[in-house]
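Undergrad: Curious how this folds, go ahead:
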Amino acid sequence: MPRGGDGKHGTVPEGWSHARLMPTAGIRNQQEQENRATSCLLAVMHGVPEFGHALLKELGAPKASVIETFAEVRFKSAADSALRPDGAIRCRRAGKDWTCLVEVKTGASRHRADQVLSYLDLAKAHGFDGLLTISTQITASPSESPIIFDGRKPPRKRPALWHLSWWHVLTEAIVQQRYRGIANPDQEWVLRELIHYLSSPASGAIGFEDMGENWVTVRNAVRDQSLRKSDGAARDVAGHWEQFTQYLCLSLTQELGVTVTALRPRNQRPAERLDELVGGLAESGELWSTVRVPDVIGPLTIRADLRSRQTFLSVTLEAPRDGMVRTRFNWLIRQLKQAPDDLSIRTSFANVRESTAVKLGAVRDDPSGAFCAGEPKRPPRAFTLTLAKPMGQKRGQAEGSFVRETASQTVAFYRDIVQNLKPWHAPAPRLHDPEQPEIQAGVEGEHSVLSVGAASDGAPNSGAAPVGDDA
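TA: Have a look, this model is predicted:
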């Protein structure tokens, strides 16, 4: 063995690297990058059905015993010109034949609207259920497409148009391998090889790169209060913020093993959400999102204030509904032992609009500074915990960039504060202790069946008539 290797199993000698099933070395151009990514993904979907089913269930595909996948499928159009989508998928179960075409882009390459429309026509002509596009663009769900169609629009029903980002594909692979598990060890190894391939920058299956070419312009215009709602650059930044939010949700999903989602009104369309964000940028200079992690104390809100150049992370939890006012505040403070002193606690109170805001460091020993002003006995209704951090300024993902700093700040806020918070639960009602002196209520000498039954056998409480006898 060369130097650096001790001959033990699992050690890697210095300068060596493991042989890979799906190597990224030797990729020479964009087309080769796309062909290799398509072939690797489709082959693993066929070879590791548990992973393939996890991806396709979001598209409505049946859970077939075999997922058939094909690369570089060729067709002829009505004009007798050759069409070649990147791939095709077929699932058969219980007499149902589900098929879809696949078109892939990697890196900064984007799908052209005319090409997508021609493939939708092709899918309709040959009876395919839909067309699946895959690229680095991130959407909230497979039913949302990042492609902008000018003029002619895609069909509303069949064939369907679905979209998956490479970051979504990688997330599904990580969750399946790390948390759900793969029954067959050989298939599990194959899936790990796909994860390694997609995690390499050379594969072109990158996550979220930056806030776009208009980020600095919009950031400065917000600071100068010269940004207008009609500014196209503002809409571009709003679109990148939405992608960043989805990227953050998928990244948390990879780390937690549960599906983290961005919250927005049920009937709000993507275009309406962008209008809302653009309006917020122009009026208050803010971008914001709310994400939900299953089984945590409450939704996590991320707010980027481009005017003050600060990022605010917050979570709201209900206050206890029982106990003295001081006891209710101490219940919260005890859960924040590891939280920083500059954590802000905003308290709302029952039946009044007034609220109080204090720093955690000021109330660790005495919470009275957070009581309702003028009415210290008024019980708290809810607590909102907010942590302010300096906002990253740069466009890309390097140290000090907006994307990198906001992502790391969000993860740290969740790790250090949110995941440690527990909701309040009312204590269970307790039965009367027969050893304690009894407090008479109602008719003298009257007892409940439970209190009599709880007494020692054959020795009812003094003054109580046996059950079934007249007093």
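Undergrad: ok, for Arg309, nearest residue in space, not its chain neighbours?
TA: Nearest residue to Arg309 in three dimensions, chain neighbours excluded: Met391, at 4.7 Å (CB to CB, 6 or more residues apart in numbering). Using the backbone N, CA and C atoms, a C-beta is placed for each residue, glycine as well.
Undergrad: Could you do Val293 as well?
TA: Val260 (5.2 Å).
Undergrad: How many neighbouring residues does the one you found have?
TA: 22 (other CB atoms under 10 Å).
Undergrad: again with Asn267
TA: 6.
Undergrad: one step back: confidence score at the residue nearest to Arg309?
TA: Note for Met391: predicted pLDDT of 94.
Undergrad: circling back: hmm, the residue nearest to Val293 is touching Ser289, no?
TA: No: counting by CB atoms under 8 Å, Val260 does not reach Ser289; the two are 11.5 Å apart.
Undergrad: May I see the buried residues of the helix or strand encompassing Glu34?
TA: According to DSSP states H and E, Glu34 maps onto helix 30-47. Across helix 30-47, burial judged by 16 or more other CB atoms under 10 Å covers 33-47.
Undergrad: go on, stretch 289-303?
TA: Applying 16+ other CB under 10 Å to stretch 289-303 flags Ser289, Thr290, Val291, Val293, Val296, Ile297, Gly298, Pro299, Leu300, Thr301, Ile302, Arg303 as buried.
Undergrad: Count residues in the vicinity of the nearest residue in space to Pro427 that is not next to it in sequence, would you?
TA: The shortest distance from Pro427 to any non-neighbouring residue, by CB to CB, 6+ apart, is to Asp322 (7.8 Å). Asp322: 10 surrounding residues under other CB under 10 Å.
Undergrad: How much space separates Asp322 from Pro429?
TA: Distance of Asp322 to Pro429, given as CB to CB, to the nearest Å: 12 Å.
Undergrad: With Ala319 instead?
TA: For Ala319, the distance to Pro429 - CB to CB - is 21 Å.
Undergrad: Look at the two and report which has more neighbours.
TA: Between Ala319 and Pro429, Ala319 has the larger neighbour count (other CB under 10 Å), namely 20 against 5.
Undergrad: circling back to that earlier point, for the residue nearest to Arg309, what are phi and psi?
TA: Dihedral angles of Met391 (phi, psi; degrees, to the nearest 10) stand at phi -80, psi 140.
Undergrad: List the contacts of it.
TA: Ala304, Asp305, Leu306, Arg309, Gln310, Thr311, Phe402, Glu405, Thr406 (CB atoms under 8 Å, 6 or more residues apart in numbering).
Undergrad: Let me know how buried the fourth one is, in neighbour terms.
TA: This means Arg309. 15.
Undergrad: Gln393 is in contact with that one, correct?
TA: Yes: shown here, Arg309 and Gln393 form a contact pair, counting by CB under 8 Å, at 7.2 Å.
Undergrad: Report the residue spans of the stretch 351-471 of the chain with pLDDT below the cut-off.
TA: Residues of the stretch 351-471 of the chain meeting the criterion pLDDT under 70: 436-471.
Undergrad: Please read the previous query as pertaining to the chain.
TA: The model of the chain has pLDDT under 70 over residues 1-10, 77-81, 151-157, 436-471.
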